[in-house]
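Visitor: Below: sequence and its predicted model.
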Amino acid sequence: MTHANRRRWIQQAAATVGAATVAPRLFAQGAPVKIGYAIARTGPWAAGAQVSQEPNYLLWAEQVNAAGGLSVKGAKRPIELIGYDDRSETETCVRTFEKLMGSDKVDLILPPWGSGANFAVAPLANRFGYPMLAPTALSRKLIDMHLPYFFSLLQQPDKMMGALVDMMVANNVKTIAIVYMDDLFGLENFAALNAALKKTSIQVVERKSYPLGVKDLAPVLRTIKDLNPDAFIGITYPPDTLLASRQSREVGFNPKFFYASVGTAFQLYKNVMQANTEGVIGMGSWNAKTSPEAKAYFDAHTKKFNKEPDRWASGHCWAGLEILQQAVARAGLDRKALREQIAKNEFKTILGPMRFEGSENASVPGTVAQWQGGEFEVVWPKNRATAQLMPKPAWK
């Protein structure tokens, strides 16, 4: 995102949040429900946050307010979003959430973006007693902290890497090469991938880590090309997903299976890679074919922002907002009662029925998706697939 585009986005976000604060005088009764959050509008996290989360917060508040407000035990009240830029800084993110929950005493919170920020904020939210439904936290360590007020909407590393390995075994993959970022997301997924591979006969010909913000992966990719693996696995953030894909094409590395994520599920990936998206696989769990409700959400998002939601975390983010809305309608704004409502019940979402076991989404299995004909199709497991896995064509 360029500086000018980012500035326009922030102005648009501010205008939308501002509209939510004016709305109470227009159509709803009762005091606004104040919902606070900090999220990346600038810095390296912004590429993911401004696709998978904040647009969904804005669209949801707009739709709920247009329908008369948030139902709080039957009483309609307008939503007032209070959002801040955390600048992709963990310290700023934590400090902002502490202010929102401690001194500002907002009614509800929405989570930040990414595993690292959620890992930092979740204990704080638990201490203040605020339920937090996180759509971009991929961390088994966070789940294993057993924080009663934290709920993870994404499938965790063991599920996602397990599904990927199962798919490779089913398709006779014999050798793979792995690159992964050296942070919480990369390390946990890499560990889960290794654990799943130990149960198979697949040979790992290369394992290579890289630092966040890497600018050149070509030397690593050339080395891997010479090893000629059947599959490439990139555990990457969005900028690195694009970097690995572009540079694989440049060096002529074209394995039978090319997996990179996160970022593969974004419209940006399709826009940048164009015809070279075809056959690329990554983390994805839904698309507009998943349910009529998913298509309605997909169309509304695309119309409002002139860009498509991503086919993984955006759907989970919207599902989390649906769960929060249903729970508030039943339990109101008493946060302890709200937490009990979320923990003990099943909810209707665009991804299907969803419930939690402890902190973990127990309803959606690990999944793999693949670009086919301009759509990121779910290809594994077969019982959730929207299309069959296809061979990857050569880069164009």
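Guide: Yep, that arrived. Numbering: from 1, shown residues only.

Visitor: give me every residue that touches the residue lying closest to S291 once chain neighbours are set aside.
Guide: Closest residue in space to S291, ignoring its immediate chain neighbours: I350 at 5.8 Å, by Cβ to Cβ, 6 or more residues apart in numbering. C-beta here means a position set from N, CA and C on the backbone, and glycine is covered the same way. By Cβ atoms under 8 Å, 6 or more residues apart in numbering, the contact set of I350 is W286, T290, S291, E293, A294, Y297, G315, W318, A319, E322.

Visitor: any idea how far A319 is from the residue nearest the centre of the chain?
Guide: Geometric centre of the chain, nearest residue: A313, 2.6 Å, by Cα atoms, centre = their mean. According to Cβ to Cβ, to the nearest Å, A313 and A319 sit 10 Å apart.

Visitor: which residues are common contacts for the two?
Guide: P135.

Visitor: okay, now the spatially closest residue to S314 that is not a sequence neighbour: neighbour count?
Guide: Excluding the flanking residues, the one nearest S314 by Cβ to Cβ, 6+ apart is S52, at 5.0 Å. By other Cβ atoms under 10 Å, the residues close to S52 number 26.

Visitor: With K307 instead?
Guide: 15.

Visitor: roughly how far apart are it and F298?
Guide: Applying Cβ to Cβ to K307 and F298 gives a distance of 11 Å.

Visitor: How about E188?
Guide: Applying Cβ to Cβ to E188 and F298 gives a distance of 29 Å.

Visitor: now swap in V51 and tell me
Guide: Relative to F298, and taking Cβ to Cβ, V51 is found at 14 Å.

Visitor: The two: who's more crowded?
Guide: More neighbours surround V51 than the other of V51 and F298, with 27 against 22 (other Cβ under 10 Å).

Visitor: would that one count as being in a helix?
Guide: Yes. With DSSP: H, G, I helix; E, B strand; the rest coil as the criterion, V51 is part of a helix.

Visitor: if I pick it, what's in contact with it?
Guide: Applying Cβ under 8 Å, 6+ apart, the residues near V51 are P238, F266, Q267, L268, K307, P309, D310, S314.

Visitor: could you pull out the strands for the stretch 151-300 of the chain?
Guide: 175-181, 203-210, 231-235, 257-261, 281-282 (DSSP state E, counting those that start in this stretch).

Visitor: roughly how far is the fourth one from the heart of the chain?
Guide: Right, strand 257-261. Computed by Cα atoms, centre = their mean, to the nearest Å, the separation of strand 257-261 from the middle of its chain amounts to 17 Å.

Visitor: ok and that strand relative to strand 231-235, angle-wise?
Guide: Interaxial angle, strand 257-261 versus strand 231-235 (axes from the mean of the first three to the mean of the last three Cα atoms, to 10 degrees): 0 degrees.

Visitor: pretty sure N171 is touching L389, no?
Guide: Yes. If you go by Cβ atoms under 8 Å, N171 and L389 touch, sitting 6.8 Å apart.

Visitor: which one of those two has more residues nearby?
Guide: Neighbour tally, N171 and L389, criterion other Cβ under 10 Å: the higher count belongs to L389, 20 against 14.

Visitor: The residue nearest to the more buried one when sequence neighbours are not counted: neighbour count?
Guide: Closest residue to L389 apart from its sequence neighbours, by Cβ to Cβ, 6+ apart: V379 at 4.2 Å. Neighbourhood size, V379 [other Cβ under 10 Å]: 21.

Visitor: show me the contacts for V379.
Guide: M167, I281, V368, A369, Q370, A385, T386, A387, Q388, L389.

Visitor: Could you dump the residues you listed into CSV and include distance to V64 and pLDDT?
Guide: Converted to CSV, the contacts of V379 look like this (distance: Cβ to Cβ, whole Å; pLDDT from 0 to 100):
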residue, distance to V64, pLDDT
M167, 38, 98
I281, 35, 98
V368, 33, 98
A369, 29, 98
Q370, 34, 98
A385, 32, 95
T386, 29, 95
A387, 33, 96
Q388, 38, 96
L389, 38, 97
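
Visitor: Mark which of those are buried, thanks.
Guide: M167, I281, V368, A369, Q370, A385, T386, A387, L389 (16 or more other Cβ atoms under 10 Å).

Visitor: what's in contact with the helix or strand hosting A125?
Guide: Using DSSP states H and E, the element containing A125 is helix 115-128. Here helix 115-128 makes contact (Cβ under 8 Å, 6+ apart) with 45, 86, 90, 93-94, 97-98, 101-102, 109, 111-112, 131-132, 134, 136-139, 141-142, 145, 147-150, 183-185, 188.
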